[in-house]
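**Student:** need the 3D shape of this:
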Amino acid sequence: MKTFHVESDHEALHRGVWYRPGVLVILEDGEGLAVYAAPGGKRGACLGTYTHAQLDASKPPQGLRSTAVPQAA
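**Tutor:** Numbering: from 1, shown residues only. Prediction:
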């Protein structure tokens, strides 16, 4: 399972549901999502589509913010 928050001025489409800024998106293995620019709340261009395997919590794509807690050294 991977979790991300949608950043401001973006939206994400996952399982046929639109996620607005600040909302938590939970992806299970085998799932994917699309991230869209949404300046001022107006959905625009698709910035990319990502599979569960492609998403890295340490380097989330534009429009997503990781919810992972850094490991202590």
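**Student:** can you report phi and psi for residue 28?
**Tutor:** With angles defined as degrees, to the nearest 10, residue 28 sits at phi -100, psi 160.
**Student:** spatially nearest residue to it, not counting backbone neighbours?
**Tutor:** residue 1 (5.8 Å; C-beta to C-beta, 6 or more residues apart in numbering). The C-beta positions use only the backbone N, C-alpha and C, and glycine is treated the same way.
**Student:** residue contacts, that neighbour?
**Tutor:** When contacts are counted by C-beta atoms under 8 Å, 6 or more residues apart in numbering, residue 1 touches 26-29.
**Student:** go on, residue 22?
**Tutor:** Per C-beta under 8 Å, 6+ apart, neighbours of residue 22: 5-6, 8.
**Student:** quick one: buried ones out of those?
**Tutor:** Among the contacts of residue 22, those buried by neighbour count (16 or more other C-beta atoms under 10 Å) are 5-6.
**Student:** quick one: which of the contacts of residue 22 is nearest to residue 66?
**Tutor:** The nearest member of the contacts of residue 22 to residue 66, counting by C-beta to C-beta, is residue 5 at 8.1 Å.
**Student:** no more questions from me, cheers.
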